[in-house]
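In: Structural data only, the sequence is not supplied:
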């Protein structure tokens, strides 16, 4: 073999080797790595953009008064290929968008253009054209609360991270937020879609919520709460009105409150917490529950008597009446009328610790009510679950008149539905109806009975005792002529820890509360008033909150059209 042939063979070998390498590389790229390079190409050529869902609105029970909505603008686009009737669609769009019909018709006729911008309009105007085939939107919306501070603790707010915080906004986040959509297609170097869109997934707007709150009752409570705050200068004040047969919250107001439109202005985030679902020591407002237990267990009747010496000794502890007086022989009804601590202890001792604890749990204390608000506290019955004194005698005695245990206002009100509602306790709720955005169907929230806590007979007897407390006892200032009202006062010393102070024991400040329901034996409403550590006015809630309870009773009788009974 001569050198010329050798060189030829070498060149041929190199040529074939190079060709094989190239073919192998092409096979590797085009077959083995097809998906990888397709994804790279798609990233460069195919773009996907979000189409934001619109958050559901929140309404008062009248279904027309808005509590939370969305304001801002929507950009209107059309996809000509999707339009079914170009002439009619162009006419509608021109009218709503205030454009010339000829201009709209020209754009709608551009079948090869995948995504055409028409105009930016107020969000509310978009409702008129949102169901037209071929019409799409990009939303630029912000959450807006037209009533500002009204029911702010109920609502919470919608934050900059697109999440609900506190209240209804957080609890019902999944219902309200909806599902974002998207559009996907090929774009040119300037970012414009150049081919028919690969896919458009329309957003699914959030569902609307109809609350149980009555706008007129809510406004009235807001006014009364402000009056309480101005008159007595407490740390906070709360009023809740509930329909005892359904569990619907008709009104819920607290001060201090906030404007959810400007929540970022608040440096102290504790103001966002709803006092209606925060725990406190209830004090004497708890005594009707102790009476209910003793009557249900047939240990006493409303007419059973005991001798009140003004105090009772338990080990090294002495429990005294709030008025520091002895009242002699008294009935169990007198105990409720005069709010006698010694009488409450007497009833608890007849029941016994184990049964007392069972009933405390049955009335729902120590567990959440499950109301549809975020941040609800459980309250605490730890002192009687795990007493420090050994036999628990002092802890149970204190609990009989609402000391050493804690509960939330909504928890107390829920427990009272068992007395007001022939022994049946109902779950409180704030959402009355869900309106689904996808098809407009309405989902009613039904009444949920938690359980039969006491018999109807016991409930009736305790109700009569509470009626006597309004007619003849410390609740008298809540009385309205012509009506039977069942009520009970509560005044409890506030612990330093409850007031946010880093020290043990009880302060010289008080927590005052008042509960009543009416008409007593067929109640249309039940409410609780509560204020913490008032710095002005009377020490006892009978004098401070009794007159406000009367005003609320009068208003509700008139507003709900309840005729006098007597």
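Out: Perfect, thanks for sending it. Nothing here was measured: the structure is a model prediction, and the numbers come from that model.
In: residue ranges with poor pLDDT in this structure?
Out: Along the chain, the model assigns pLDDT under 70 to residues 1-48, 185-199, 266-267, 566.
In: The same query, at a cut-off of 80, please.
Out: Scanning the chain for pLDDT under 80 picks out the ranges 1-51, 112-115, 139, 160, 182-200, 265-267, 566.
In: Show me the domain layout of it.
Out: Taking automatic domain parsing as the reference, the chain has its domains at 69-144, 215-559.
In: Single out the most deeply packed of these.
Out: domain 215-559 (a mean of 20; mean count of other CB atoms under 10 Å). Glycine gets a C-beta too; all of them are placed from N, C-alpha and C.
In: Off-centre distance for that one?
Out: In this view, domain 215-559 has its centroid 20 Å away from the chain centroid, taken as CA atoms, centre = their mean, to the nearest Å.
In: how long is it end to end?
Out: With CA to CA, to the nearest Å as the measure, domain 215-559 spans 12 Å from end to end.
In: go on, stretch 300-314?
Out: End to end - CA to CA - stretch 300-314 spans 21 Å.
In: Give me the contact list for it.
Out: Applying CB atoms under 8 Å, 6 or more residues apart in numbering, the contact partners of stretch 300-314 are 291, 294-295, 318-321, 324-333, 340, 342-343, 345-347, 350, 393-394, 397, 461, 464-465.
In: Nearest to residue 154, out of the domains of the chain?
Out: Set against residue 154 and scored by CB to CB, the domains of the chain come closest in domain 215-559, at 5.4 Å.
In: Please tabulate the domains of the chain in a markdown table and include distance to residue 49 as additional columns.
Out: A markdown table is the format used below for the domains of the chain (distance: least, CB to CB, whole Å):
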| stretch | distance to residue 49 |
| --- | --- |
| domain 69-144 | 8 |
| domain 215-559 | 21 |
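In: of all these, which lies closest to residue 170?
Out: Closest approach to residue 170 among the domains of the chain (CB to CB): domain 215-559, 3.9 Å.
In: Out of the domains of the chain, the one nearest residue 153 is which?
Out: Counting by CB to CB, residue 153 lies closest to domain 215-559 out of the domains of the chain; the figure is 3.9 Å.
In: returning to that earlier point: out of the domains of the chain, which gets nearest to residue 63?
Out: Nearest of the domains of the chain to residue 63, taken as CB to CB: domain 215-559 at 7.9 Å.
In: on that earlier part again, to residue 201, which of the domains of the chain lies closest?
Out: With CB to CB as the criterion, residue 201 lies closest to domain 69-144 of these, at 10.7 Å.
In: what distance separates that closest one from the middle of the whole chain?
Out: On the basis of CA atoms, centre = their mean, domain 69-144 sits 37 Å off its chain's mean C-alpha point.
In: how about residue 335, phi and psi?
Out: Backbone torsions of residue 335, given as degrees, to the nearest 10, read phi -60, psi -40.
In: same question, residue 432
Out: phi -90, psi -40.
In: For it, list the residues it contacts.
Out: Contacts of residue 432 (CB under 8 Å, 6+ apart): 61, 210-212, 248, 444-445.
In: how about 10 Å then?
Out: Residue 432 makes contacts with 59-61, 63, 209-213, 246, 248-249, 444-445, as judged by CB atoms under 10 Å, 6 or more residues apart in numbering.
In: Repeat that for residue 346.
Out: Residues near residue 346 by CB under 10 Å, 6+ apart: 290, 294, 299-300, 304-308, 312, 330, 332, 335, 340, 397, 400.
In: of all those, which two lie farthest apart?
Out: Using CB to CB, the two most remote members of those are 305 and 397, lying 19.4 Å apart.
In: Need the phi and psi values for residue 104.
Out: The phi/psi pair for residue 104 (degrees, to the nearest 10) is phi -70, psi -40.
In: Please tell me how far it sits from residue 278.
Out: Per CB to CB, to the nearest Å, residue 104 is found 56 Å from residue 278.
In: repeat for residue 549
Out: If you measure residue 549 against residue 278 using CB to CB, the figure is 21 Å.
In: how near is the residue nearest the centre of the chain to residue 107?
Out: Ranked by distance to the mean C-alpha position of the chain (CA atoms, centre = their mean), the top residue is residue 373 at 2.4 Å. Computed as CB to CB, the residue 373 to residue 107 distance reads 48 Å.
In: now residue 431
Out: Distance from residue 431 to residue 107, by CB to CB: 43 Å.
In: can you give me the strands for the stretch 401-550 of the chain?
Out: Remark: strands assigned in the stretch 401-550 of the chain by DSSP state E, counting those that start in this stretch are 424-426, 431-435, 442-444, 449-452, 486-495, 506-518, 525-532.
In: what's the neighbour count on residue 163?
Out: Other residues lying near residue 163 total 12 when counted by other CB atoms under 10 Å.
In: Test my guess that it contacts residue 170.
Out: Yes. The pair residue 163 / residue 170 is scored as a contact, 7.5 Å apart, by CB atoms under 10 Å.
In: intersection of neighbour lists for the two?
Out: Shared contacts of residue 163 and residue 170, defined by CB under 10 Å, 6+ apart, comprise residue 157.
In: element containing the closest residue in space to residue 255 that isn't next to it in sequence?
Out: Among residues not flanking residue 255 along the chain, residue 229 sits closest, at 4.7 Å (CB to CB, 6 or more residues apart in numbering). In the assignment (DSSP states H and E), residue 229 maps to helix 215-232.
In: could you pull out the strands for the stretch 101-250 of the chain?
Out: For the stretch 101-250 of the chain, the strands defined by DSSP E, counting those that start in this stretch occupy 116-122, 135-144, 157-158, 164-165, 181-186, 199-201, 208-211, 236-242, 249-255.
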